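> sequence plus predicted model, see below.
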Amino acid sequence: QVRLVESGGGLVQAGGSLSLSCSASGRVFVTNGMGWFRQAPGKEREFVASVSWNGRSTLYADSVKGRFTIDRDHAKSTVYLQMSSLTPEDAAVYYCAARWGSGEPSSRTDDYMYWGEGAQVTVSS
């Protein structure tokens, strides 16, 4: 059974930094692409970042390029999202997601089969 558990969310001041972690159980982590998405109140879920199975290829939404970094640690079956220079527009529930059957990164929500419960990120101005 696949389970994704996010951690590390919280409250941060604008301009600050925050890191999210996503721990994956089951076989999903080893060979599949992983991603982060976010959803703010009243808005649709949107892509944030994605990483290939081996960590060598990444994708980022234009809105977070240069500020966010996605990475993964196979020894810990964990994918990370390092966020810096946060603005109130980054406030949302952040979701970890895992693909199944593809090791490539993807920005498409439909390409992901497994989802975590989400972690709240709040940015104060």
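Structure's in. What do you need? Numbering: from 1, shown residues only.
> centroid-nearest residue for this structure?
residue 36 (2.2 Å; Cα atoms, centre = their mean).
> output stretch 32-40 in PDB, but only the C-alpha positions, please.
The C-alpha coordinates for stretch 32-40 follow below in PDB (Å, rounded to 0.1, in the frame of the first residue of the first chain):
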ATOM      1  CA  ASN A  32       8.700   6.900 -10.100                       C
ATOM      2  CA  GLY A  33       8.600  10.600 -10.600                       C
ATOM      3  CA  MET A  34       7.500  12.700  -7.600                       C
ATOM      4  CA  GLY A  35       5.900  16.200  -7.500                       C
ATOM      5  CA  TRP A  36       4.600  19.000  -5.400                       C
ATOM      6  CA  PHE A  37       1.400  20.800  -6.000                       C
ATOM      7  CA  ARG A  38      -0.400  23.500  -4.000                       C
ATOM      8  CA  GLN A  39      -4.000  24.700  -3.600                       C
ATOM      9  CA  ALA A  40      -5.000  28.100  -2.200                       C
END
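> in it, what counts as buried?
Within stretch 32-40, the residues that count as buried by 16 or more other Cβ atoms under 10 Å are 32-38. To be clear about C-beta, it is placed using only N, CA and C from the backbone, and glycine gets the same treatment.
> next: stretch 63-78.
In stretch 63-78, counting by 16+ other Cβ under 10 Å, buried: 64, 68-70, 72, 77-78.
> fine, thanks again, bye for now.
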